[in-house]
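>>> generate a structure from the sequence data that follows.
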Amino acid sequence: MRQVTQADPLAMNCIDLVLNNRFGIAALTALAPAIWGSTYLVTTELLPPDRPLLAAVLRALPAGLLLLVLTRRIPQGSWWWRALLLGALNIGAFFALLFVAAYRLPGGVAAIILASQPLLVAGLASRLLGERLTLRTTIAAAAGLAGVALLVLRADSRLDGLGVIAACGGAAVMATGVVLSKRWVSPAPLLATTAWQLVAGGLLLVPVALLVEGPLPATLSTSNLVGYGYLTIIGAALAYPLFFMGLRALSATSVTFLGLLSPVVATALGWLVLDQELTAAQALGGLVVLAAIVAAQTRAPRIARPTRQKTMRITVFGAAGNVGSRVVSEAVARGHDVTAVVRKSSRFGELHPSVTARTGDAGNVADVAALSAGQDVVIAATRPAPGRESEFVITTKALLTGLADTGVRLLVVGGAGSLTVPGSGGRTLREAPDFLAELSDIALAGAEQLAAYRAESGVDWAYLSPAALMEPGERTGRYRLGTDELLVDAEGNSKIAVEDLAVALLDEAERPAHHRTRFTAAY
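Just a heads-up that it's a prediction; the model follows:
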């Protein structure tokens, strides 16, 4: 049996401190682009010349196969084509276009174009993920771009049309891959999803490498093998899981800003190891890039401050349930005009006396369309009975179809199982060892429900995941908000009273802050 020393609790506390807060996760995620920044040094000093596509293949494919063997998990259902597409965008197509850009453009010009990714991701995320494109983000992205220009651009740089197109394409495909990786919530563990993408991207690169560069070199030196080993183990098998871990826990825009570290690290290593010149302009550019990264990671948290708004017309599906009844009571207390919907008229007696009672089914498109007509907000607080978990996705599709093109906002009370656990490296609550087995089916259905919403862009929806423990209690009007990570208190507990979850939901209805995205509330 292993002996536990006094240093162990201290070490574990340090690890928890890093992983249980946003900046700790950002710091770990930043290791990925920092590692990628060392690729230039490894390539120039250890690898054979003029074989960048071979390096890309040997970086991605062996690492993906290694992670696949470790996780023993293959894609299921739609994740076959999603993994292929994400692997193409994040790895295969990106490296191929990067190869063209690197050969036809000076390195500085290619790096500057690729540094536009934060702005591209911010724009795509505002459309597909509901992230706000703020002036602060735009300024930080422009500053990062300018900083990279100071860092790498040379006065004698020349432009080439095809090279510019390739660099822009590389930035665009990677930005799209990042946003889709955030939008599509994988039911598999982090390492498995990473493995699928690395294998897919590597396999797509194999024919391109053979066509452009020919067969493998006849001989490889010890230095070559060390270099390829570094790219495989450190540059891919370690770096990509770190990157995707951050993408699960942080916003897509914040993670992409961290990518600006790559040219900073590459320049610093060139100065420290290769004795390359470091000018005052380059030093200034590095500082500007770091300032842009910090600015992107230090956005002020949004804290809910309930205020009274004008009377709204609100339809609540599941109005007699544990959550729905409290949502109805909170809405009535705020003076809103509430239509409470239940499946059977025999439950009318359980409803608040001030509501308009209606029968209807959130899984029926016609009912959704009829009961949402003329309303400001529809709130779905339904939960299927055990053994009928598949109704989650059916109800989701009916709600989205019934509300399509109506302009009526949809707020959904979802599940907590797909929230990532602080300090777990991106593992979801459903994947935690102590997660109750009897809740596994409903948690998986909740993840599929969220994925269905994230595939929808025509309805203004928001998905509220509660704390891990949600039970009836006393209304305090206090709570904290988060995004995709489980919120825990100082003792590591994640909980909220149903009454305060209703407060958070009505605050969102009155003061919309989340559009086509998930948020969470807890004490």
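>>> for the stretch 151-300 of the chain, which residues score under the pLDDT cut-off?
Judged by pLDDT under 70, the stretch 151-300 of the chain has its weakly predicted residues at 154-159, 185, 187, 299-300.
>>> try 90
For the stretch 151-300 of the chain, the stretches with pLDDT under 90 are 151-171, 181-190, 212-213, 215-220, 244-255, 259-283, 285-286, 289-290, 292-300.
>>> what ranges does it have for its helices?
Shown for the stretch 151-300 of the chain, the helices assigned by DSSP state H, counting those that start in this stretch span residues 161-183, 190-213, 222-232, 239-249, 252-258, 261-272, 280-297.
>>> make JSON lines out of those helices and add mean neighbour count and distance to Leu151.
Placement of C-beta: from N, CA and C, glycine included. Shown next, in JSON lines, are these (neighbours: other C-beta atoms under 10 Å; distance: least, C-beta to C-beta, whole Å):
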{"stretch": "helix 161-183", "mean neighbour count": "20", "distance to Leu151": "16"}
{"stretch": "helix 190-213", "mean neighbour count": "22", "distance to Leu151": "27"}
{"stretch": "helix 222-232", "mean neighbour count": "18", "distance to Leu151": "23"}
{"stretch": "helix 239-249", "mean neighbour count": "24", "distance to Leu151": "21"}
{"stretch": "helix 252-258", "mean neighbour count": "27", "distance to Leu151": "15"}
{"stretch": "helix 261-272", "mean neighbour count": "20", "distance to Leu151": "6"}
{"stretch": "helix 280-297", "mean neighbour count": "18", "distance to Leu151": "4"}
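>>> using TSV, lay out the ones you listed together with distance to Arg478.
Converted to TSV, these look like this (distance: least, C-beta to C-beta, whole Å):
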stretch	distance to Arg478
helix 161-183	29
helix 190-213	32
helix 222-232	49
helix 239-249	24
helix 252-258	26
helix 261-272	37
helix 280-297	26
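>>> Gly458 is nearest to which of those?
helix 161-183 (14.6 Å; C-beta to C-beta).
>>> now for the helices of the stretch 151-300 of the chain, which one comes closest to Asp489?
Using C-beta to C-beta, those put helix 239-249 closest to Asp489, at 17.9 Å.
>>> check the offset of that closest one from the chain's centre.
9 Å (C-alpha atoms, centre = their mean, to the nearest Å).
>>> now stretch 253-261
That offset, for stretch 253-261, works out to 13 Å (C-alpha atoms, centre = their mean).
>>> before we move on, what about stretch 70-78?
That offset, for stretch 70-78, works out to 20 Å (C-alpha atoms, centre = their mean).
>>> now the terminal residues of it, how far apart.
This stretch, stretch 70-78, spans 22 Å end to end (C-alpha to C-alpha, to the nearest Å).
>>> can you list contacts of that stretch?
Leu68, Arg82, Ala83, Pro187, Ala188, Pro189, Leu191, Ala192, Ala195, Trp196 (C-beta atoms under 8 Å, 6 or more residues apart in numbering).
>>> what is the burial count for the second one?
Other residues lying near Arg82 total 20 when counted by other C-beta atoms under 10 Å.
>>> setting aside sequence neighbours, what's the nearest residue to it?
Nearest non-adjacent residue to Arg82, counting by C-beta to C-beta, 6 or more residues apart in numbering: Trp184, 5.6 Å away.
>>> ok so, going back, any chance of the contacts of stretch 70-78 in CSV, plus distance to Ile293?
Formatted as CSV, the contacts of stretch 70-78 follow (distance: C-beta to C-beta, whole Å):
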residue, distance to Ile293
Leu68, 32
Arg82, 29
Ala83, 29
Pro187, 32
Ala188, 30
Pro189, 28
Leu191, 26
Ala192, 29
Ala195, 28
Trp196, 29
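>>> ok, those vs Ala398, which is closest?
Pro187 (22.1 Å).
>>> so what secondary structure elements neighbour the strand or helix carrying Ala451?
When elements are assigned from DSSP states H and E, Ala451 belongs to helix 440-454. Packed against helix 440-454 by the contact rule (3 or more C-beta pairs under 8 Å, 6 or more residues apart in numbering; DSSP states H and E) you find helix 391-403, strand 461-465, strand 517-522.
>>> burial check on the residue lying closest to Ala166 once chain neighbours are set aside, number of neighbours?
Sequence neighbours aside, Val100 is the residue nearest to Ala166 in space, at 3.8 Å (criterion: C-beta to C-beta, 6+ apart). Neighbour count for Val100, taken as other C-beta under 10 Å: 19.
>>> tell me if Val100 really is in a strand.
No - in this structure, Val100 is helix, not part of a strand, as judged by DSSP: H, G, I helix; E, B strand; the rest coil.
>>> do you know how far it is from Ala296?
29 Å (C-beta to C-beta, to the nearest Å).
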